[in-house]
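Asker: Provided below for reference: sequence and predicted model.
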Amino acid sequence: AGPTSRDRGNLVHMCGRFSLGMDGDQVARLYGSDLAIPWQPRYSIAPSTIVLVLHQEDDTRVLAPARWGFRPGWARNPGPSPINARLETIATNGMFRTAMASQRCVVPMTGYFEWTGERGDKIPHYIHGSGLLSAAAIAATRKIDAGFETTVAIITAPSRDAAGQIHNRMPVFLTDNDLDEWLDPACLDAAQARGLAAHISKARDLIANELKVDRVDRRVNSVSRIDPADPCLIEPVA
């Protein structure tokens, strides 16, 4: 079934599925970045799976793998793995503020899914622009049995324009001019982190104005029954 729209404090359940309908080489060219892993277009990307994340290493942008579901190194098992974090409290919330200060990144996508309707009768919608979208995100790296794993949460804020017709929150999309400042690996103090959050809150409207909404086929609702590589998942239906 589609994700719930319930907002439980800072564990915001929205933007629960997205697409990246470009191959890794194409994304790397658009960002002028290195590519650490192969990537083929995927039109349904769900929580807990591996996603591409853009981050800065010294003077080099790198597209690297991360698991979607934020797990800082100090988090106990079992425990929450939020897929989203609220922009309004990203600089102050205890779970996210360290990552906001020093581990900012971008999750590239070409669109995302939201649902309307009641449980059992969910109608999926695909919200997208005309090309690559850069969703502001934060990352954390933790030790696991096989070594280390990077996890990520997408930052959300109140919806604007077309996206607001479907859901009251949306990813915070960055303009190309915002990328250098957001990806700067320098550690921010508390005031700088709040200032950066305020800046991208205003800047996101520039992208929100360009978004479009298409109703798509209900088979998108079942993650287990679809092929994530099928481009028909994002085709509009009547």
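Answerer: Good, I have the coordinates.
Asker: after the strand ranked longest in the chain, which helix or strand is next?
Answerer: Ordering each strand of the chain by length in residues (DSSP state E) puts strand 123-144 first. Going down the chain from strand 123-144, the next helix or strand is strand 147-158, by DSSP states H and E.
Asker: with just CA atoms, put that next one into CSV.
Answerer: This file holds the C-alpha atoms of strand 147-158, laid out as CSV (Å, rounded to 0.1, in the frame of the first residue of the first chain):
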residue,chain,number,x,y,z
GLY,A,147,32.1,-2.6,7.6
PHE,A,148,30.4,0.8,7.4
GLU,A,149,27.1,1.9,5.9
THR,A,150,25.8,5.4,5.0
THR,A,151,22.2,6.1,5.7
VAL,A,152,20.1,9.1,4.5
ALA,A,153,16.9,11.1,5.2
ILE,A,154,15.3,13.4,2.8
ILE,A,155,14.4,16.9,4.2
THR,A,156,10.7,17.9,3.8
ALA,A,157,8.8,21.2,4.2
PRO,A,158,5.2,22.4,3.7
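Asker: parallel or antiparallel, which strands does that strand pair with?
Answerer: Strand 147-158 has its sheet partners listed here by DSSP bridges as strand 60-68 (parallel), strand 84-86 (parallel), strand 123-144 (antiparallel), strand 169-171 (antiparallel).
Asker: could you find the closest non-adjacent residue to residue 60?
Answerer: Nearest residue to residue 60, sequence neighbours excluded (CB to CB, 6 or more residues apart in numbering): residue 34, at 6.1 Å. C-betas here are computed from N, CA, C, even on glycine.
Asker: burial of that neighbour, as a residue count?
Answerer: By the criterion of other CB atoms under 10 Å, residue 34 has 12 neighbours.
Asker: who's in contact with it?
Answerer: 28, 60-63 (CB atoms under 8 Å, 6 or more residues apart in numbering).
Asker: among the residues you listed, which one lies nearest to residue 49?
Answerer: residue 63 (15.9 Å; CB to CB).
Asker: isn't the closest one right next to residue 32, touching?
Answerer: No - counting by CB atoms under 8 Å, residue 63 does not reach residue 32; the two are 10.6 Å apart.
Asker: which residue of these two possesses the greater neighbour count?
Answerer: Just comparing residue 63 and residue 32: by other CB under 10 Å the higher neighbour count belongs to residue 63, 21 against 9.
Asker: now the longest strand of the chain, how far from the centre of its chain.
Answerer: Distance, stretch centre to chain centre, for strand 123-144: 2 Å (CA atoms, centre = their mean, to the nearest Å).
Asker: let me see the mean pLDDT of it.
Answerer: Regarding strand 123-144, the rounded mean pLDDT is 94.
Asker: let's see that strand as PDB, backbone CA atoms only.
Answerer: The C-alpha trace of strand 123-144 is given here as PDB (Å, rounded to 0.1, in the frame of the first residue of the first chain):
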ATOM      1  CA  ILE A 123      -4.900   6.800  -5.700                       C
ATOM      2  CA  PRO A 124      -1.200   7.300  -6.600                       C
ATOM      3  CA  HIS A 125       0.100  10.500  -8.100                       C
ATOM      4  CA  TYR A 126       3.500  11.200  -9.600                       C
ATOM      5  CA  ILE A 127       4.900  14.700  -8.800                       C
ATOM      6  CA  HIS A 128       7.700  15.800 -11.100                       C
ATOM      7  CA  GLY A 129       9.500  18.600 -12.900                       C
ATOM      8  CA  SER A 130      11.100  18.500 -16.400                       C
ATOM      9  CA  GLY A 131      14.400  17.000 -15.500                       C
ATOM     10  CA  LEU A 132      16.600  16.100 -12.500                       C
ATOM     11  CA  LEU A 133      15.500  17.300  -9.100                       C
ATOM     12  CA  SER A 134      18.000  17.800  -6.200                       C
ATOM     13  CA  ALA A 135      16.400  16.900  -2.900                       C
ATOM     14  CA  ALA A 136      18.200  18.300   0.200                       C
ATOM     15  CA  ALA A 137      19.100  15.500   2.500                       C
ATOM     16  CA  ILE A 138      21.300  14.600   5.500                       C
ATOM     17  CA  ALA A 139      23.500  11.500   6.000                       C
ATOM     18  CA  ALA A 140      25.000   9.400   8.800                       C
ATOM     19  CA  THR A 141      27.600   6.700   8.700                       C
ATOM     20  CA  ARG A 142      27.600   3.800  11.100                       C
ATOM     21  CA  LYS A 143      29.500   0.600  11.600                       C
ATOM     22  CA  ILE A 144      27.900  -2.700  10.600                       C
END
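Asker: I appreciate the help and will end here.
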